[in-house]
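>>> This is the structure alone, sequence omitted:
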């Protein structure tokens, strides 16, 4: 169940993040920078799109975000022929050259730092079953509401983190909570994962 959520998260953020390939025609970056930029753009777009969808009274359903992400990815692939070509010979040659470049070793060090940070933060987050006092509980109420009702519009003022409070984080976590059965796990795991991406 949790692997399904993780697969969904990266599918949506990376495919939606391919919006950068539609906006920037020729950006020169190594593979790690492109993946991280697509992830960051996808995460930001997910929040903004959630607000727009809610204004248009379209449900904040995980399938809507996945469909939007796949549409963006297909448009990016159709527009940019370099994304479509998978020449085995050129891929093999680029891998051979990458071992000799300084950029490869820098990327490898950054990935190791990312994994160490992720392990450290996961160990702290999951060392006990509950949230800390205060803020996480308020966020959890809104995340659960979005996950169940597929909207962040509330008929009454329930907690301080509901509308009109900024809803970016709550939208992302609410949509992700639809892909598994635990708001606790969703908020702890994905918050930690997003924090760890700060290293990259």
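That came through fine. Keep in mind that what you see is a predicted model, and the values were worked out from it rather than measured. Numbers count the residues shown, from 1 in each chain.

>>> what separates residue 155 from residue 162, distance-wise?
Separation of residue 155 from residue 162 (Cβ to Cβ, to the nearest Å) stands at 10 Å. (C-beta placed from N, C-alpha, C; glycine too.)

>>> If you count surrounding residues, which of the two has more?
residue 162 (20 against 5; other Cβ atoms under 10 Å).

>>> Point out where this protein drops to low pLDDT.
Across the chain, residues meeting the criterion (pLDDT under 70) sit at 1, 81-100, 157-158.

>>> one more time with 80, if that's ok
1, 25-32, 80-104, 132-134, 155-166 (pLDDT under 80).

>>> Helices of the protein, start to end?
In the chain, the segments counted as helices under DSSP state H are 2-16, 19-23, 31-55, 62-79, 81-84, 88-100, 102-125, 135-149, 168-177, 183-197.

>>> Turn these into TSV, including mean neighbour count.
As requested, these are exported to TSV (neighbours: other Cβ atoms under 10 Å):
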stretch	mean neighbour count
helix 2-16	18
helix 19-23	17
helix 31-55	17
helix 62-79	17
helix 81-84	10
helix 88-100	10
helix 102-125	13
helix 135-149	19
helix 168-177	23
helix 183-197	18
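
>>> Which residue, other than its chain neighbours, is closest to residue 196?
Leaving aside its sequence neighbours, residue 196 sits nearest to residue 118 (Cβ to Cβ, 6 or more residues apart in numbering; 4.1 Å).

>>> Isn't that neighbour up against residue 193?
Yes - Residue 118 is within contact range of residue 193, at 6.8 Å (criterion: Cβ atoms under 8 Å).

>>> could you list every residue that touches residue 149?
Not one residue lies near residue 149 by Cβ atoms under 8 Å, 6 or more residues apart in numbering.

>>> Next one: it from residue 102, what distance?
Taking Cβ to Cβ, one finds residue 149 at 51 Å from residue 102.

>>> From what I see, residue 37 and residue 19 are in contact.
No - if you go by Cβ under 8 Å, residue 37 and residue 19 don't touch, sitting 10.6 Å apart.

>>> Since that was my last question, I'll sign off now.
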